[in-house]
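> requesting a structural model of the entry that follows:
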Amino acid sequence: MHPNKPLKQLFTRQNNWLSFLHNNKDKLRDVVIENITKMLSCGTAAFGSREYRCCNPACTHRKYIHQTCKSRACNSCGVKATERWIRQQQHVFPDCEYQHITFTLPHTLWPIFRHNRTLLNSLFRCAATILLKWAKQKGVDIGVFCALHTYGRKLNWNAHLHLSVTRGGIDQKTGLWKPIFFKMKTTEACWRAAVTRLLGESYESLDLSGEGCPFIRHQSDWSAFLTSQYRRRWKLHFGKKTANVKPTMNYLGRYLKRPPISASRLGHYLKGGLIKFDFLNHRTGKTEALILSPEEMIRPIVEHIPDKHFKMIRYYGFLSNRRRGVALPKVYAALDMKVEGSASLPGYAAMLKGYVKVDPYECILCESRLVFSNFRPGEPLHARVLHSKIQSEMLAA
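Residues are numbered from 1 along each chain as shown. Below you'll find the model as predicted:
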């Protein structure tokens, strides 16, 4: 595969995506087809192109820069989106100690959330409310941000939350900064109770017919199943406290706005078209490999594409979007922070210079500047999706 586009090559090689689309057309969500179609057209003239001409009258050089897809399935667009998100949030978040907590679910509950994606919205609230209530009892207003991951190292479905919380907040009586910490045992018990309560209240609307879901005949069976899950131990991971939020953001940024597998883990084909990718086994601490067919490889990748408009990152407490404008100045004052102007987000040229040391607006012939001259519109997304579906049917005919 091409060293810089292994993910795209996985979908295009031997019409793997078209075959997968035809074989699974009744099961695929519309958002999956749209995102993969966008990813495969990224960096081509399909979405339109900007034309640039050299400002030197004696030079005839022209350059076309194609529009990117900004899809959640695209590695290259994910890198840019991650860099912009990290810079933007690091500028906003207060400079204080943070606690990184990972909220996991028993493997027996994974299929339930896999086949009932609307429940993922409520998982955020279940986790954040635990810490917000604890802080409220202490008379402290804290800041929390949550990030959802739906996959494990082997791309299996493993819904879990990464949560970062300030180890302090505004004292509601004095307005001063007051330290606070959270206990793992208490948090774990509250997490079990919150999730089992959520599932118990959602019984009437759940689809429990999917693969891996527990066999439930009536509501009493469901109650007994949830009781058994509540009594078991759920693993929570409390990371070491950090002096600021940067380590957590850098860690989460690698996963939040990119596909579930990086280009470095998807490197080459084996004999017969099989694909090998490496993963870290947490139990052994060793790197292992999986060998899959193209369809077996594509299936878990597209499964983790979130639904349209679904927010993978949520903010609570004084970091919530509706409270930031009023609450954050008070937080900065309590921490004696000097707040600079708004963060300067890297543009197309700045990022290209930073990654590959190339100025995209420099003429390769005379080294003068390129200036914008025209825009050529591309094909609408719905037309691209329809074209892919027609191609998949023609391929099978």
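> all contacts plus neighbour counts: C-alpha atoms, from now on.
OK.
> which residues of the stretch 251-397 of the chain score low on pLDDT?
254-255, 263-272, 340-346, 397 (pLDDT under 70).
> which parts of it are strands?
Assigned by DSSP state E, counting those that start in this stretch, the stretch 251-397 of the chain shows strands spanning 266-269, 275-281, 286-292, 313-317, 370-377.
> looking at those strands, spot the one closest to residue 92.
strand 313-317 (12.1 Å; C-alpha to C-alpha).
> quick one: buried residues of that closest one?
Using 16 or more other C-alpha atoms under 10 Å as the test for burial, strand 313-317 gives 313, 314, 315, 316, 317.
> repeat for stretch 77-91
Applying 16+ other C-alpha under 10 Å to stretch 77-91 flags 77-88, 90 as buried.
> surely residue 307 is in contact with residue 34?
No: Residue 307 lies out of contact with residue 34 (C-alpha atoms under 8 Å); the separation is 10.9 Å.
> and the two? Which one has more around it.
More neighbours surround residue 34 than the other of residue 307 and residue 34, with 19 against 14 (other C-alpha atoms under 10 Å).
> so how far is residue 110 from that one?
26 Å (C-alpha to C-alpha, to the nearest Å).
> go on, residue 200?
Distance from residue 200 to residue 110, by C-alpha to C-alpha: 15 Å.
> now the buried residues of strand 313-317 as a markdown table including distance to residue 339?
Listed next are those as a markdown table, based on distance: C-alpha to C-alpha, whole Å:
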| residue | distance to residue 339 |
| --- | --- |
| 313 | 24 |
| 314 | 23 |
| 315 | 20 |
| 316 | 21 |
| 317 | 20 |
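> for residue 367, state which of those residues is nearest.
Of the buried residues of strand 313-317, the one sitting nearest to residue 367 (C-alpha to C-alpha) turns out to be residue 313, at 42.6 Å.
> beta partners for the closest one?
residue 147 (DSSP bridges).
> residues contacting it?
145, 146, 147, 148 (C-alpha atoms under 8 Å, 6 or more residues apart in numbering).
> can you give me the buried ones in stretch 284-300?
Neighbour-count burial for stretch 284-300 [16+ other C-alpha under 10 Å]: 292, 294, 295, 297, 298, 300.
> got it, and stretch 141-150?
141, 142, 143, 144, 145, 146, 147, 148, 149, 150.
> among these, which are in helices?
For the buried residues of stretch 141-150, not one is inside helices, with DSSP state H as the criterion.
> distance to residue 250 added to these, as TSV?
Output for the buried residues of stretch 141-150, formatted as TSV (distance: C-alpha to C-alpha, whole Å):
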residue	distance to residue 250
141	25
142	21
143	18
144	16
145	14
146	14
147	13
148	15
149	15
150	18
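> for residue 325, state which of those is nearest.
Once C-alpha to C-alpha is applied, the member of the buried residues of stretch 141-150 that ends up nearest residue 325 is residue 143, at 13.5 Å.
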